[in-house]
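Asks: Structural data only, the sequence is not supplied:
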């Protein structure tokens, strides 16, 4: 598809992610999806802005809330739905599920349900790139909850100590399940990263894919040129519940008014002209992918222990 501007292209990519996840919301009650889902609705701009700034050879490591990362980095849509359905067409042949999406062919090296567990993987990949004289960088994307884990602190320290080509990105939606940031952390995420002598940048407009792309391009170029780690914190907003397709504002741990304020700035709500233009072709692609997956085979019994080490 041809786009008249960078804004249109990033808008299309963001809307595609949202419509994919809205389709998941529709499908989930049918029990066709054989996996818990942590939706990225509301946070699409982060993945789109970052991934559009990366080279195909750059390596990306994500979290269990990784649908947006997978699609933004170029993961196959049929492979994603196949994984959610538990079919052999899935990117991990139906064995990994939503929380462990991977697409190494486009540089998404993995995601994990274990908080902060892929951050040291990214640091290890950056160390290998430096030792082998490669020009690609590693990118670690994690939530604010990961900043409380020991592996996270050790990863920042190691990357800073050995001047590794890694970009740390905190996708900060202010929540760890139902717990607010203020109830969990006695430190400021940005200032904490700076104590490791890692340059750190904060974006508060996590709905603005153009700004995220602009800042990410500069930081990625800096990591590639130096090399050395950089840190980017992006404030964002999770529209749906922690896990599952529902809304949870009735639970009392966050305010509906905060959602309405964020929504008023979200281009996927405010730019209805482009929503109308791009929705039909995106839905056609989504429905075609689902038809392919629903008519595809389940894993055979002999595959039960295949790929198990």
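Replies: Looks like it arrived, so ask away. Computed from a predicted structure; not experimentally measured.

Asks: so residue 93 touches residue 300, yeah?
Replies: No - between residue 93 and residue 300 there is no contact under Cβ atoms under 8 Å: 10.5 Å. In short, each C-beta sits where N, CA and C put it, glycine included.

Asks: more crowded one of these two?
Replies: Using other Cβ atoms under 10 Å as the criterion, residue 93 and residue 300 rank with residue 93 on top: 17 against 9.

Asks: Quickly note the distance from the more buried one to residue 23.
Replies: Per Cβ to Cβ, to the nearest Å, residue 93 is found 22 Å from residue 23.

Asks: again with residue 276
Replies: Counting by Cβ to Cβ, the gap from residue 276 to residue 23 is 18 Å.

Asks: Helices of the stretch 201-309 of the chain, start to end?
Replies: Here the stretch 201-309 of the chain has its helices, by DSSP state H, counting those that start in this stretch, at 209-225, 256-263, 267-270, 272-294.

Asks: Between the ones you listed, which one is closest to residue 122.
Replies: Proximity to residue 122, assessed across the helices of the stretch 201-309 of the chain by Cβ to Cβ, is greatest for helix 209-225 (11.7 Å).

Asks: Return the list of helices and strands in contact with that closest one.
Replies: helix 6-27, helix 44-51, strand 166-172, strand 200-203, strand 230-235 (3 or more Cβ pairs under 8 Å, 6 or more residues apart in numbering; DSSP states H and E).

Asks: outside of the helix or strand just after the third one, which residues touch it?
Replies: The reference is to strand 166-172. Downstream of strand 166-172, the next assigned helix or strand under DSSP states H and E is strand 175-176. Strand 175-176 is contacted by residues 143-145, 148, 181, 184, 238, 242, 253-254 when judged by Cβ atoms under 8 Å, 6 or more residues apart in numbering.

Asks: go on, stretch 234-253?
Replies: 24-25, 28-29, 36-39, 41-43, 45-46, 169-175, 177-180, 202-207, 212, 254-256, 258-259, 262-263.

Asks: Skipping adjacent residues, who's closest to the residue nearest to the spatial centre of the chain in space?
Replies: The chain has residue 69 as the residue nearest its centroid, 3.4 Å off, counting by Cα atoms, centre = their mean. Nearest non-adjacent residue to residue 69, counting by Cβ to Cβ, 6 or more residues apart in numbering: residue 62, 4.3 Å away.

Asks: still on that earlier bit, do you know which of the helices and strands packed on helix 209-225 lies nearest residue 102?
Replies: Once the helices and strands packed on helix 209-225 are compared by Cβ to Cβ, helix 44-51 is nearest, at 14.8 Å.

Asks: now for that closest one, which elements pack on it?
Replies: helix 6-27, helix 67-73, strand 138-143, strand 166-172, helix 209-225.

Asks: now it against helix 209-225, angle please.
Replies: 30 degrees (axes from the mean of the first three to the mean of the last three Cα atoms, to 10 degrees).

Asks: per-residue confidence averaged over helix 44-51?
Replies: What helix 44-51 shows for mean pLDDT is 98.

Asks: before we move on, what about stretch 290-303?
Replies: According to the model, stretch 290-303 has a mean pLDDT of 94.

Asks: cool, and stretch 15-33?
Replies: Here the average pLDDT along stretch 15-33 is 97.

Asks: Of all the residues in that stretch, which ones are buried?
Replies: Using 16 or more other Cβ atoms under 10 Å as the test for burial, stretch 15-33 gives 15-21, 23-25, 27-28, 33.

Asks: Who are the contact partners of the residue nearest to residue 101 when sequence neighbours are not counted?
Replies: What sits nearest to residue 101 in space, not counting adjacent residues and going by Cβ to Cβ, 6+ apart, is residue 70, at 4.5 Å. By Cβ under 8 Å, 6+ apart, the contact set of residue 70 is 62, 80, 91, 101, 103, 108, 111.

Asks: what number of residues lie near the fifth one?
Replies: When you say that, I think you mean residue 103. For residue 103, the neighbour count with other Cβ under 10 Å is 22.

Asks: likewise the second one?
Replies: A count of neighbours around residue 80, defined by other Cβ under 10 Å, yields 24.

Asks: following the one helix or strand it maps to, which helix or strand comes up?
Replies: Using DSSP H and E, the element containing residue 80 is helix 77-85. Next helix or strand after helix 77-85 toward the C-terminus (DSSP H and E): strand 108-112.

Asks: Could you identify the helix or strand that succeeds that next one?
Replies: Immediately after strand 108-112, counting by DSSP H and E, sits helix 119-132.
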